[in-house]
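> attaching a predicted model along with its sequence, questions to come.
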Amino acid sequence: MPEKAPAPQREKAPAKKRGRKKKDEPANLPATVKAAPLRPHKLKFSDRDPAIELEISEIAGHLTFTQSTVTAWYYLPEVRWAFRPDAEREALLSAISEQYAGLAGFRLHLRRTNRPFPADEWARTVDSFTAKPLPDVTGATSWSDHLVAAQRHLLSVNHAEGQTYLGVTFARRSLGDTFSERILRMFGKGTSDGERRKLGRTVEQFDEVLNAFGMRGRRVTPQELEWLLFRSVALCMAPPGPLSPVSNGHWERGDLLALTEQVERYRTPYGSTVKLVNRMTGEERHVAVLSVGRMEPLEIPEKHEPWMHFHERLPWPMELSSRIDILGSNSSFKNLEHRLRMIRSQQLDYAEHGIDAPPELERLAKRALVIGDEMTTGLPVESARAHGWHRIAVGGRTREECLERARRLIQLYSRELRISLQHPKNQDQLAREFIPGEPIANTGYVRRMPVKLLAAALPQAASTVGDRRGDLIGRTAGTCRRPVFLDLHFPMEVRERSGLGVFVAEPGGGKSTLMGALGYLNARRGVQVTLLDPSGPLARLCQMPELRPYSRVLNLTGSEQGTLAPYSLIPTPVRTEFATGPSGDREYEIAVSNARAERRMLVQDICSMLVPPQVAKEASTATLLRHAVRQVPAEETSTLDDVVATLQGLDDDEGKELANLLLDTAEMPLALLFFGRPPEHLLGADSALTVITMAGLRLPDLKIEREYWSAEESLALPMLHTAHRLAVRRCYGGSMSSRKMVGLDEAHFMEGWRSGRSFLVRLARDSRKWNLAALVASQNPRDILGLDVQNLVSTVFVGRIAEDQEIASEALRLLRVPVHDGYEATLASLSQADATSQSRLGFREFVMRDVDGRVQKVRVDVSYVDGLLDHLDTTPAAAKALPTAIPSLSDLEV
């Protein structure tokens with residue numbers, strides 16, 4: 001019997017041999033040296049894989065990867081749509097259609113999300129551009145409280161900025177690519193370099209297509225893509241806090257947990273909404289997803305608005321998601337042939353049974369033949385078709401609120417666009433469609449359309465106007481609601497344009513009160529403000545507690561002799577205002593000569609206004625005045641008394657008679673304002689706000705001939721001319737770089753006189769050099785167009801004009817908007833009150849054009865300033881007892 005082999009014994013580790021030492025081993029070696037290294041053991045742990053709730057497996061830059069597809073994401077900037085000529089709109093839609101046709105064969109994911117307006121960032125910007133705000137007054141609203149009130153108002157109105165993203169799924173990943181990714185993921189890596197290079201060449205082709213005119217798309221930044229993913233997972237919820245501090249744009253599979261772990265979903269198979277809960281903050285949102293159903297033909301841009309931008313008319317933010325397959329000419333034609341065969345087959349079935357076929361079958365067959373002919377003979381853009389699934393997500397704090405908002409949205413689309421919005425089942429799966437990379441919930445409600453109709457959806461249509469560093473004056477009132485900010489010095493300091501702004505509206509349109517509100521907001525920021533209000537209501541601004549210590553009112557009807565001396569109203573240029581050297585000397589001499597010529601022109605016009613109109617019309621009167629004015633030095637120290645003395649010294653009897661007529665006029669108390677020297681320190685630069693009024697003065701009706709004016713009305717005309725110049729004269733007393741603002745009402749009295757046009761031209765040209773924001777208000781746009789200064793206007797506000805279509809057309813020309821395109825009706829509908837209501841209209845609307853040429857309908861709202869509307873209210877006392885329709889909005893000039 002063979003002997004049993006002894007069992008093998010495991011060799012003991014040297015470290016366990018205690019007390020044994022080699023003879024040549026030193027006794028004092030450290031233990032770490034004496035011990036032999038441990039052998040590593042391959043341990044296996046049963047770690048759980050991350051429970052990823054998304055189909056996305058990796059994010060690299062602007063690319064998102066799933067197991068089978070790759071999608072490149074682009075940001076589509078907003079484009080101007082409102083008040084553009086139809087030719088420009090059609091060119092824009094045609095360009096976008098060609099870009100869609102260039103993406104034939106790919107699936108697109110069009111997403112429209114929103115970002116709450118950063119009110120805190122805006123407040124910091126305003127504060128940074130306000131070097132010296134007015135010092136705080138005890139018991140009044142401080143500057144910091146003023147900014148806080150504006151921020152609260154912005155947050156209460158729930159303004160949000162729309163953002164549009166386009167994802168192009170452009171690659172079906174091969175089995176080798178997917179296998180390589182799984183192998184590399186075991187070593188902490190993602191997609192292979194070879195696949196990235198192959199995808200990079202394709203991405204460059206899409207960059208070229210989307211960067212062109214039309215969409216002007218660009219690659220999304222890592223922060224933008226992260227924002228889109230957060231907003232897609234947490235539909236209609238409050239925005240996340242600070243985004244990831246890592247900005248390299250690479251997300252591995254395990255990192256994607258950060259996108260979904262904060263939000264829990266509660267759904268039922270047949271529920272009408274999906275309940276989303278943020279487990280960190282406790283916020284709850286109910287979301288209902290609507291799908292675009294049957295549509296009637298739309299006439300865009302002639303009649304209808306972009307159909308995927310129309311939802312922004314409602315005052316709460318919503319989300320859009322469209323999955324679109326772009327079919328080229330071959331695929332589209334095959335699909336059309338298939339449907340034509342189906343129609344013919346149905347017609348044969350009816351014929352075999354001896355039944356008349358419905359007439360719509362023949363109409364559909366004819367339509368299919370026409371479309372087929374367009375595909376085979378037209379351009380690629382004519383043959384390309386889009387098959388898409390379009391969803392709109394509506395959110396609410398409760399289920400009832402969500403469903404009510406969805407009902408209102410369905411009614412809006414049905415009434416205005418004749419589009420049927422459906423509320424399907426499987427709401428959770430429909431809500432997941434908004435997340436990039438997720439599959440389509442179902443193929444129902446597919447909309448088949450030419451790419452031209454898809455381009456007319458235009459979710460990125462813009463409704464913005466103004467700047468982001470000015471005061472809050474209201475919101476847009478067009479197809480969406482955006483806050484409107486206006487910095488009157490932005491055109492001069494940034495755009496290097498004129499600072500001339502024009503307000504035009506019918507009486508009661510709100511132009512005077514809007515000017516007063518802008519004067520208040522600029523005075524709070526430390527701007528030197530001068531307002532000319534002949535009727536006097538704006539003088540109440542000086543009674544506001546925060547402005548009272550820094551304001552003054554100058555009533556010309558009770559001013560001293562010489563206050564409106566015409567020679568002193570035009571300042572003499574200062575040599576330091578020009579460059580050094582011979583060229584600066586030459587410019588200075590020209591400016592001095594122009595100032596003297598302007599003084600002579602003004603004095604001649606004032607003298608013609610002071611004499612009876614029958615005398616002013618005689619040719620000899622103009623000759624005598626021109627001769628006398630030429631002999632008087634055209635300096636600031638000269639007076640009208642010098643002109644009268646020169647006329648008296650002429651040998652001509654007509655000259656002496658003209659001098660006597662001027663002396664007769666000088667005997668009137670108001671006429672003394674034009675004679676003599678002006679008092680010292682009439683308009684000091686110490687007051688932040690100065691309001692010049694002519695309270696109690698009766699202004700003439702320019703439609704009536706001057707022969708029928710009263711003596712008081714005759715003096716009102718030269719007083720208005722010189723008062724305009726007096727208001728501007730104050731702005732030339734300080735530093736050229738300091739901010740200044742002047743508001744001039746009743747500018748239509750300047751039209752028809754040479755000095756009036758020269759005054760506005762000088763004002764527009766000097767505004768940039770002197771950093772002067774000049775606002776001019778008039779009741780008729782012809783008054784501004786007649787002065788031929790429309791090319792120098794940077795900002796325009798046009799209020800309600802409903803009485804005369806010709807005047808409305810002139811206002812559109814001032815806005816540089818096409819006439820006879822239906823926009824005249826828009827001006828007539830501004831600030832329109834309900835004829836059946838007895839309540840006052842609590843707001844005023846304007847069409848605004850900013851310095852960048854953007855035109856939008858805006859609604860003025862300065863109700864966040866405590867007490868401002870009460871001080872600007874010009875409503876008669878009898879009407880104040882009536883209830884206000886909308887007490888939170890601006891109650892402007894009724």
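All right, it came through fine. Keep in mind it's a predicted model, so treat the numbers as computed, not measured.

> please, which helix or strand holds residue 763?
Residue 763 is located in helix 754-769, with elements delineated by DSSP states H and E.

> pull the residues that contact that helix.
491-492, 496-500, 577, 598, 601-602, 604-605, 721, 724-725, 728, 736, 747, 749-750, 772-774, 776, 787-789, 792-793 (CB atoms under 8 Å, 6 or more residues apart in numbering). Backbone N, C-alpha and C define where each C-beta goes, glycine included.

> list the buried residues for it?
755-764, 766-768 (16 or more other CB atoms under 10 Å).

> how about those residues in CSV, adding distance to residue 807?
Listed next are the buried residues of helix 754-769 as CSV, based on distance: CB to CB, whole Å:
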residue, distance to residue 807
755, 25
756, 20
757, 20
758, 25
759, 23
760, 20
761, 23
762, 27
763, 24
764, 23
766, 30
767, 26
768, 30
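
> greatest separation within the residues you listed: which pair is it?
Greatest spacing in the buried residues of helix 754-769, by CB to CB: 755 and 768 (21.9 Å).

> show me the helices in the stretch 1-150 of the chain, by range?
31-34, 86-101, 119-128, 143-157 (DSSP state H, counting those that start in this stretch).

> now those helices in CSV, with distance to residue 841?
Below are the helices of the stretch 1-150 of the chain laid out as CSV (distance: least, CB to CB, whole Å):
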stretch, distance to residue 841
helix 31-34, 90
helix 86-101, 32
helix 119-128, 28
helix 143-157, 19
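
> what's the most buried one of these?
Most buried of these, by mean neighbour count (mean count of other CB atoms under 10 Å): helix 86-101, with a mean of 19.

> assess the claim that residue 775 and residue 514 are in contact.
No - between residue 775 and residue 514 there is no contact under CB atoms under 8 Å: 9.1 Å.

> which residues are in contact with each of those two?
Common neighbours of residue 775 and residue 514 (CB under 8 Å, 6+ apart) are residue 503.

> the more surrounded of those two?
Neighbours were counted for residue 775 and for residue 514 using other CB atoms under 10 Å; residue 514 has more, 27 against 24.

> let me see the contact set for that one.
Contacts of residue 514 (CB under 8 Å, 6+ apart): 473, 503, 797, 844, 846, 860, 892.

> for it, which three-state class applies?
helix (DSSP: H, G, I helix; E, B strand; the rest coil).

> please apply the same query to residue 448.
strand.

> count the neighbours of it for me.
So residue 448, with other CB under 10 Å, has 15 neighbours.

> same check, this time on residue 198
Residues near residue 198, counting by other CB under 10 Å: 13.

> okay, it: pLDDT?
Per-residue pLDDT puts residue 198 at 73.

> which residues of the stretch 351-500 of the chain fall in strands?
385-396, 419-422, 447-450, 461-462, 471-476, 483-486, 500-504 (DSSP state E, counting those that start in this stretch).

> what sits closest to residue 596 if chain neighbours are left out?
Leaving aside its sequence neighbours, residue 596 sits nearest to residue 634 (CB to CB, 6 or more residues apart in numbering; 3.7 Å).

> ok, that neighbour to residue 603 distance?
8 Å (CB to CB, to the nearest Å).

> find residues that contact each of those two.
residue 567.

> neighbour count: the two, which is higher?
Ranked by neighbour count (other CB under 10 Å), residue 634 and residue 603 place residue 603 first, with 27 against 20.
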